[in-house]
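Chemist: coords please:
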Amino acid sequence: MKRRSLIIFFLLAGTFISALSQSTESMLSVVRGKHVLIYTKNGKGYVHKNIPASIKALKEICAGMGIVADATEDPGAFTQENLNKYDALIFSNTNNEVFDTEGQKKAFQDFIRRGGGFVGIHSANATERDWPWMWAMVGGKFIRHAPHQQFIVVVTDPDNPSTCFLPDRWTVHDECYYSNELNPDIHVLLSADLTTVEDKNRDEYPGRTFGDLFPLCWCHTYDGGREWYTALGHDAETYNDPVFRRHLQGGLLWVLEKK
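Modeler: From the prediction side, this is the model:
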């Protein structure tokens, strides 16, 4: 009886994996030939040392999907004429003020309003924190993080391509980011299990705002575009992790599949 149950389990697992592969392959066929811009500008303040590793990983992820990827930290790239080349923008560990002029901000905003996609990684939610439209588009605004440590991430939605391959509870070594100004229309994909996070300042924020869970990754549509954000990705080494790379790949797939 036990042997028969195992056989049935493996048959069902094989069917699930096959269906997942077919679904992913179908999505990949839609995004091949797309063009994305990886943006890494930082204003005054902390600059993550992971940026070169993130660019390398993202370019390799894109190459594997047949996507053309450019990378820049030059805000001069934000003109309507230049952005017309791209299907999505990836803000990888951008932080603080990343635009020099109002015209650059308008070109970015117009890109989203024309249906352009947006992927935000880690400190991208700490970008342009004085601009309410930016908070709403990203889905939230960075306020602080717990000390770097190992903690558990709960898969809130297992059906998104950025989460469908993960276990129900995913152990990570990272910074548990807390956002405020959360857009109520975000669809939460991953949440930090706060019972596994050591944080002496938890009572200050987030307290019991979301009980023992706090959103870390989400997607939504806003002002004409599709947006996906993950708070994970502090360490340079994380970008070599195949699981994390698949997480990023799935987020980009979700953003681009309707383009």
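Chemist: all contacts plus neighbour counts: C-alpha atoms, from now on.
Modeler: Will do.
Chemist: okay, and for this structure, where does confidence drop off?
Modeler: Under the criterion pLDDT under 70, the flagged ranges of the chain are 1-26, 259.
Chemist: Name the single longest strand found in it.
Modeler: Scanning the chain for the longest strand, with DSSP state E as the assignment, gives strand 213-222.
Chemist: I'd like to check what contacts it. Which residues are they?
Modeler: Contact with strand 213-222 is made by 136-137, 139, 176-178, 185-194, 226-232, as judged by CA atoms under 8 Å, 6 or more residues apart in numbering.
Chemist: Could you identify the buried members of those residues?
Modeler: In those, burial by neighbour count holds for 136-137, 139, 176-178, 186-194, 226-232, counting by 16 or more other CA atoms under 10 Å.
Chemist: isn't there a helix covering residue 54?
Modeler: Yes. Counting by DSSP: H, G, I helix; E, B strand; the rest coil, residue 54 is located in a helix.
Chemist: what's the burial count for the spatially closest residue to it that is not a sequence neighbour?
Modeler: What sits nearest to residue 54 in space, not counting adjacent residues and going by CA to CA, 6 or more residues apart in numbering, is residue 239, at 5.8 Å. Residues near residue 239, counting by other CA atoms under 10 Å, number 22.
Chemist: and if you look at residue 92?
Modeler: 25.
Chemist: So in terms of bridging, what pairs with it?
Modeler: Following DSSP bridges, residue 92 is listed with bridge partners residue 121.
Chemist: was I right about it contacting residue 37?
Modeler: No. Using CA atoms under 8 Å, residue 92 makes no contact with residue 37, being 10.2 Å away.
Chemist: Residue 183 in helix, strand or coil?
Modeler: Assigned with three-state DSSP, residue 183 falls in the coil class.
Chemist: and the residue nearest to residue 220 when sequence neighbours are not counted, what are its phi and psi?
Modeler: Nearest non-adjacent residue to residue 220, counting by CA to CA, 6+ apart: residue 186, 5.1 Å away. When read as degrees, to the nearest 10, the backbone of residue 186 gives phi -70, psi 150.
Chemist: Tell me who's in contact with residue 186.
Modeler: Counting by CA under 8 Å, 6+ apart, residue 186 has contacts 139, 218, 219, 220.
Chemist: Which of those are buried? Put it as a PyMOL command.
Modeler: A single PyMOL command is used to select the members of the contacts of residue 186 judged buried by 16+ other CA under 10 Å:
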select buried, resi 139+218+219+220
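Chemist: between the contacts of residue 186, which is closest to residue 254?
Modeler: Distance ranking of the contacts of residue 186 against residue 254, using CA to CA, places residue 219 first at 8.5 Å.
Chemist: Tell me the bridge partners for the closest one.
Modeler: Here residue 219, judged by DSSP bridges, has bridge partners residue 187, residue 228.
Chemist: roughly how far apart are it and residue 206?
Modeler: Using CA to CA, to the nearest Å, residue 219 is found at 21 Å from residue 206.
Chemist: can you tell me which residues contact residue 68?
Modeler: Listed by CA under 8 Å, 6+ apart, the contact set of residue 68 reads 33, 34, 35, 36, 62.
Chemist: bridging residues for it?
Modeler: residue 35.
Chemist: which residues are contacting stretch 36-48?
Modeler: By CA under 8 Å, 6+ apart, stretch 36-48 touches 51, 55, 58, 67-75, 86-98, 234.
Chemist: hey, C-alpha coordinates of that stretch in CSV?
Modeler: This file holds the C-alpha atoms of stretch 36-48, laid out as CSV (Å, rounded to 0.1, in the frame of the first residue of the first chain):
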residue,chain,number,x,y,z
VAL,A,36,14.7,45.9,-20.8
LEU,A,37,16.8,48.5,-19.1
ILE,A,38,18.5,47.8,-15.8
TYR,A,39,18.9,51.0,-13.8
THR,A,40,21.2,51.2,-10.8
LYS,A,41,21.5,54.9,-9.9
ASN,A,42,21.9,55.9,-6.3
GLY,A,43,21.6,59.4,-4.8
LYS,A,44,23.4,60.6,-1.7
GLY,A,45,23.4,57.9,1.0
TYR,A,46,24.0,54.2,1.3
VAL,A,47,25.0,52.4,-1.9
HIS,A,48,24.7,48.6,-2.0
